[in-house]
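Peer 1: Coordinates for the following, if possible.
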Amino acid sequence: MALEHLTTETFKEKVFNYELNKEWKFEGKIPVIIDFYANWCGPCKMVAPVLEELQKEYGDKIVIFKVNTEEQQELSAMFGIQSIPSILFVPLDGQPQMAMGALPKDTFRSAIADVLKVSIN
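Peer 2: Numbers count the residues shown, from 1 in each chain. Coordinates of the predicted model:
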């Protein structure tokens with residue numbers, strides 16, 4: 001199952017409508033991970049299969065989206081993305097947290113547990 005790529009429009013529907021809300025307000029029903037990447041980025045290519053595996057493992061407990069920073073420059077600018085990959089962890093409640101770089105799978109699992117409050121079991 002390929003991960004869904006967000007555009008500015010689908011981001012506003014599914015994650016955060018920054019035109020309507022000044023304060024963070026998550027639009028989703030389950031926690032989200034957003035991978036800000038580019039096709040030319042080597043570390044991004046290392047993270048991609050890990051994210052696909054995690055999506056399979058966690059099933060419908062989390063949603064993992066991808067944002068192509070080359071195509072979606074408005075979204076990248078809004079989050080101040082300067083290095084990629086940048087991974088945004090969005091819990092149901094509370095503020096999202098950004099992590100930089102190609103994280104190993106165990107680090108993703110820890111962040112999913114700690115930030116998103118989601119476990120596989």
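
Peer 1: Next, the buried residues of the biggest helix by length in the chain.
Peer 2: Once the chain is assigned using DSSP state H, the helix that runs over the most residues is helix 42-58. Within helix 42-58, the residues that qualify as buried by neighbour count (16 or more other Cβ atoms under 10 Å) are 44, 47-48, 50-51, 54-55, 58. The way it works is simple: take the backbone N, C-alpha and C, and place the C-beta from them, glycine included.

Peer 1: Okay, helices next: where are they in this structure?
Peer 2: In the chain, the helices defined using DSSP H lie at 8-14, 42-58, 73-78, 105-114.

Peer 1: mind putting those in a markdown table, distance to G94 and mean pLDDT included?
Peer 2: Listed next are the helices of the chain as a markdown table, based on distance: least, Cβ to Cβ, whole Å; pLDDT from 0 to 100:
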| stretch | distance to G94 | mean pLDDT |
| --- | --- | --- |
| helix 8-14 | 18 | 96 |
| helix 42-58 | 19 | 96 |
| helix 73-78 | 19 | 93 |
| helix 105-114 | 11 | 96 |
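
Peer 1: of all those, which lies closest to I84?
Peer 2: Across these, I84 has its closest neighbour in helix 42-58 (5.8 Å, Cβ to Cβ).

Peer 1: about what we covered before: generate CSV for the helices of the chain, with distance to L88 as supplementary columns.
Peer 2: As requested, those are arranged in CSV below (distance: least, Cβ to Cβ, whole Å):
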stretch, distance to L88
helix 8-14, 11
helix 42-58, 12
helix 73-78, 10
helix 105-114, 11
